[in-house]
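[1] coordinates only, sequence not included:
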């Protein structure tokens with residue numbers, strides 16, 4: 001299973017409202033994590049998963065489909081280090097750092113059926 005995150009460029013319009021730009025952005029593809037694996041991780045642990053990136057130029061219209069295809073085709077192994085693994089009520093939040101110092105947020109629900117990539121900075 002591959003999970004995707006789409007980071008879009010935000011803009012302010014004339015009425016000072018926050019919006020999403022139709023151009024630019026980034027798509028991240030990551031090999032999925034199993035909930036039982038997320039539960040077992042502690043700060044300082046490290047593991048390898050595949051991840052790929054696709055960036056859209058600020059001059060091009062953003063397209064999720066193209067971003068997914070490019071990010072998936074560029075997937076390669078990357079080492080992740082666990083920074084935190086906290087459980088809040090019925091949700092667990094895992095923060096990872098890759099070898100290029102990018103941060104990833106992974107969440108799971110208490111039912112343990114799914115872990116998903118929420119954010120990447």
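    Cool, got the structure. Keep in mind that this is a model prediction, so the values were computed, not measured.
[2] packing partners for the longest helix along the chain?
    Selection of the longest helix in the chain by residue count, based on DSSP state H, yields helix 64-73. Contacts defined by 3 or more Cβ pairs under 8 Å, 6 or more residues apart in numbering; DSSP states H and E place helix 64-73 against strand 2-7, strand 23-31, strand 46-61. In this view, the C-beta of every residue, glycine as well, is placed from N, C-alpha and C.
[3] what strands flank whatever helix or strand comes next after that helix, and is each parallel or antiparallel?
    Per DSSP states H and E, the first helix or strand lying C-terminal to helix 64-73 is strand 76-88. Using DSSP bridges, the strands paired with strand 76-88 are strand 46-61 (antiparallel), strand 91-98 (antiparallel).
[4] in CSV, list those strands along with distance to residue 39 and mean neighbour count.
    Formatted as CSV, those follow (distance: least, Cβ to Cβ, whole Å; neighbours: other Cβ atoms under 10 Å):
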stretch, distance to residue 39, mean neighbour count
strand 46-61, 14, 15
strand 91-98, 7, 18
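[5] of the ones you listed, which is nearest residue 36?
    Closest approach to residue 36 among the strands paired with strand 76-88 is made by strand 91-98 (11.4 Å; Cβ to Cβ).
[6] and that closest one with strand 23-31, angle?
    Inter-element angle recorded for strand 91-98 and strand 23-31: 100 degrees (by axes from the mean of the first three to the mean of the last three Cα atoms, to 10 degrees).
[7] picking up where we left off before, run through who's touching the longest helix of the chain.
    2, 4, 6, 25, 26, 27, 28, 29, 52, 53, 54, 56 (Cβ atoms under 8 Å, 6 or more residues apart in numbering).
[8] which of those sits closest to residue 93?
    The shortest approach to residue 93 among those belongs to residue 28, at 17.6 Å (Cβ to Cβ).
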